[in-house]
Structures are given as C-alpha cells and as structure tokens.
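Peer 1: Quick check, what structure comes out for this input:
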Amino acid sequence: MTAPDRTAELQAAIDSAALEGFTTPKEAASDELSRLWGDLHEQIRDARDGCWSVGCEDIAHRIAVLTRALGKATPWQRIQLDLLESGIYQRFHDLAGVPYEQPDMEWVAAELAERRSAAR
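Peer 2: Residues are numbered from 1 along each chain as shown. Here you go, the predicted model:
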C-alpha cells in the first residue's frame, strides 16, 4: 500500500505558520514553550488516575530544554491554572534553578472557584 501524498496538508500547515508573525527565534521558542505547558496540562489531565506518564516526562524534558535555552521561565499568567494550583509550575522552576515570578495564588484560587462554579 502506498502512503498518501500529504502535499496539500503540509502546504496548509506551512502557510498557516506564516500567520504567526514571529520575528525572532526567541519569540517562536517562547510561544512553543507556552504550548508545551498546555500539552503537559493535557497529558496530566488525560493520565490514568492523574499519574505521571511517559508522555508527561517527555513534555517536561522539552520544557526544560526550551526554558534553559531561553534562560527564563514562562510567565505564570500563561500557565494553566491547574498547574499553578498543584504547584507543578513552581516545583519545576525550583528544581531547574530557573528564577520565576511567584503566581498570585489568591487570584488562582478565586479564578478556579469561579470556573468550577460556572461549570456546574
């Protein structure tokens, strides 16, 4: 069986990348780092019984690589609230030795309470 030609799909992805508007590799890497935090959040959410999976390990590794390359933490305001509430964001940076702004945990708790209330 012959693999399908994915030229149209690849071209669409390439064309859509031009819409991102990044002017430097640093901007693109910062955006990717924020997206990786989102991927980690999804991996944890989807893991059986909230376990730390091989997928979590892989994403955390990639977060560490980009964080070190950029030399700074992703601002906590761009991180999923569950990762702030659980302390994963903070613990990651403490273990990596990367300075970061402490999240406003009162704001995080209030925002989570509001979202959980609205979901009922």
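Peer 1: Which strands or helices does the strand or helix carrying L112 pack on?
Peer 2: Using DSSP states H and E, L112 sits in helix 105-119. Secondary-structure packing of helix 105-119 (3 or more Cβ pairs under 8 Å, 6 or more residues apart in numbering; DSSP states H and E): helix 81-85. No exception for glycine: its C-beta is placed from N, CA and C like everyone else's.
Peer 1: got the buried residues for the next helix-or-strand element following the helix it packs on?
Peer 2: The helix or strand immediately downstream of helix 81-85 is helix 88-96, counting by DSSP H and E. By neighbour count on 16 or more other Cβ atoms under 10 Å, the buried set for helix 88-96 is 88-90, 92-93.
Peer 1: can you give me the angle the helix holding L112 makes with helix 88-96?
Peer 2: Counting by axes from the mean of the first three to the mean of the last three Cα atoms, to 10 degrees, helix 105-119 points 150 degrees away from the direction of helix 88-96.
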